[in-house]
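Peer 1: Give the three-dimensional model of this entry:
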Amino acid sequence: MSEPPTNTKETTAMSGENPESAPAVHTGRSAATSPTTTEGPAPALEVRSVSKYFGSVNALEDVSLAVHAGQVTCVLGDNGAGKSTLIKILSGVHTPDSGEMLFDGDPVTFAGPREARAHGIATVFQDLATVPLMSVWRNFFLGNEPTRGRGPLQRMDIKQAQRVMREEMAKMGIDVRDPNQTVGTLSGGERQAVAIARAVYFGAKVLILDEPTSALGVRQSGIVLKYVIQARELGRAVIFITHNPHHAYPVGDRFVLLKRGRMLGSYAKSDTSIAKLTSLMAGGAELEELSHELQRAVDPSVKEVAKELAAEVKTPG
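Peer 2: Numbering: from 1, shown residues only. Sure thing, here's the model as predicted:
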């Protein structure tokens with residue numbers, strides 16, 4: 001399995017700004033209720049003022065986001081921010097306790113993940129739902145293999161399945177030399193490509209990626225980000241869940257920040273930066289307070305840490 005050189009179009013998408021991005025929405029209630037402008041086509045998927053409670057725990061409270069076809073909406077937040085709960089609501093695993101969800105502008109309620117998939121919402125979780133000992137083409141279809149013949153003579157059309165798999169992987173920029181290669185021998189980035197290409201082929205209009213770069217090295221993370229761009233170029237609405245603003249910023253068109261189940265804000269790419277996203281996620285005021293506490297310590301190494309935190313706080317947004 002090899003990758004062709006990145007073309008100029010991809011390079012532009014990685015580094016350029018989206019001229020059609022909506023203006024920033026600042027923090028507060030307005031950010032929760034109006035994540036995008038009302039002009040233009042309806043978002044492919046939208047949630048408005050969604051909340052989810054588990055007993056006395058507020059997993060999500062008054063969270064809104066909208067994602068359009070051909071755009072990447074990045075949802076950022078540390079552990080416990082509510083990202084997993086939001087994914088499960090979007091994919092039909094959980095039903096929100098309040099708020100509403102709209103698909104192509106129409107209100108929807110999912111009774112389960114099967115209904116979400118039937119609408120064209122595909123979620124690629126961190127485990128990728130692949131079988132390591134099975135071939136690439138078998139993992140691509142996983143129970144949906146094309147067949148030929150009828151009745152007792154019906155059998156799997158292996159050549160057709162391999163051809164389709166290679167064509168779809170080529171759209172993602174991957175050349176599969178051996179369709180019988182087991183998925184377990186692929187790199188983490190290549191397995192992500194299989195999962196993304198599979199979701200796109202089976203009709204995903206909205207593609208939700210759950211921390212696709214969390215367990216990957218620098219090079220493999222870059223490869224996965226290229227696949228995110230490929231999905232966007234194919235016209236899919238992409239929701240990229242991550243805790244790493246350095247991975248989100250190059251590919252994102254809009255950034256939604258969560259913290260402890262609440263929405264910090266929704267920002268267009270042209271109205272923010274990596275430094276600003278990092279500061280918002282880390283909590284600039286909290287870092288400054290911690291820096292002051294550490295500066296009072298006697299240990300020189302602790303004071304050095306305090307200086308580094310102070311430098312982070314002073315980094316321009």
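Peer 1: could you point out where this protein is predicted with low confidence?
Peer 2: Within the chain, the segments meeting pLDDT under 70 span 1-39, 128, 283-317.
Peer 1: Show me how the record splits it into domains.
Peer 2: According to automatic domain parsing, the chain comprises the domains 8-272, 283-317.
Peer 1: now stretch 239-258: how far from the chain's centre is it?
Peer 2: In terms of Cα atoms, centre = their mean, to the nearest Å, the gap separating the centre of stretch 239-258 from the centre of its chain is 8 Å.
Peer 1: Ok, stretch 193-200 next?
Peer 2: 13 Å.
Peer 1: And for stretch 107-118?
Peer 2: Stretch 107-118 has its C-alpha centroid displaced from the chain centroid by 19 Å (Cα atoms, centre = their mean).
Peer 1: measure that stretch end to end?
Peer 2: End-to-end distance for stretch 107-118: 15 Å, by Cα to Cα, to the nearest Å.
Peer 1: Could you check that stretch and say which residues are buried?
Peer 2: Under the neighbour-count criterion of 16 or more other Cβ atoms under 10 Å, stretch 107-118 has F110, A116, R117 buried. Bear in mind the C-beta positions are built from the backbone N, C-alpha and C, glycine included.
Peer 1: so what does the helix or strand hosting R48 touch, helix or strand wise?
Peer 2: In the assignment (DSSP states H and E), R48 maps to strand 45-54. In terms of contacts (3 or more Cβ pairs under 8 Å, 6 or more residues apart in numbering; DSSP states H and E), strand 45-54 is packed against helix 29-33, strand 57-67, helix 83-90, strand 98-103.
Peer 1: ok, now with 10 Å
Peer 2: If contacts are counted by 3 or more Cβ pairs under 10 Å, 6 or more residues apart in numbering; DSSP states H and E, strand 45-54 sits against helix 29-33, strand 57-67, helix 83-90, strand 98-103, strand 106-108, strand 262-268.
Peer 1: Please work out the angle formed by the directions of it and strand 57-67.
Peer 2: If you take axes from the mean of the first three to the mean of the last three Cα atoms, to 10 degrees, strand 45-54 sits at 180 degrees to strand 57-67.
Peer 1: Partner strands of strand 45-54 and their direction?
Peer 2: Using DSSP bridges, the strands paired with strand 45-54 are strand 57-67 (antiparallel), strand 98-103 (antiparallel).
Peer 1: circling back: nearest to D127, of the helices and strands packed on strand 45-54?
Peer 2: For D127, the closest of the helices and strands packed on strand 45-54 is helix 83-90, at 13.1 Å, according to Cβ to Cβ.
Peer 1: any idea of the angle that closest one forms with strand 262-268?
Peer 2: Counting by the same axes, to 10 degrees, helix 83-90 points 80 degrees away from the direction of strand 262-268.
Peer 1: Which residue is the nearest non-sequential neighbour of the residue nearest the centre of the chain?
Peer 2: For the chain, F240 is the residue whose C-alpha lies nearest the centre (Cα atoms, centre = their mean; 1.5 Å). Closest residue to F240 apart from its sequence neighbours, by Cβ to Cβ, 6 or more residues apart in numbering: C74 at 4.7 Å.
Peer 1: What of P96?
Peer 2: Counting by Cβ to Cβ, 6+ apart, the nearest residue to P96 once its immediate chain neighbours are dropped is V50, at 4.5 Å.
Peer 1: Contacts only, for that neighbour.
Peer 2: V50 makes contact with 32, 60-65, 85-86, 89-90, 94, 96-101, 263, according to Cβ atoms under 10 Å, 6 or more residues apart in numbering.
Peer 1: one more time with 6 Å
Peer 2: Going by Cβ atoms under 6 Å, 6 or more residues apart in numbering, V50 touches V63, P96, G99.
Peer 1: And the strand holding R48, what's buried?
Peer 2: Buried positions in strand 45-54, judged by neighbour count with 16+ other Cβ under 10 Å: L45, E46, V47, R48, S49, V50, S51, K52.
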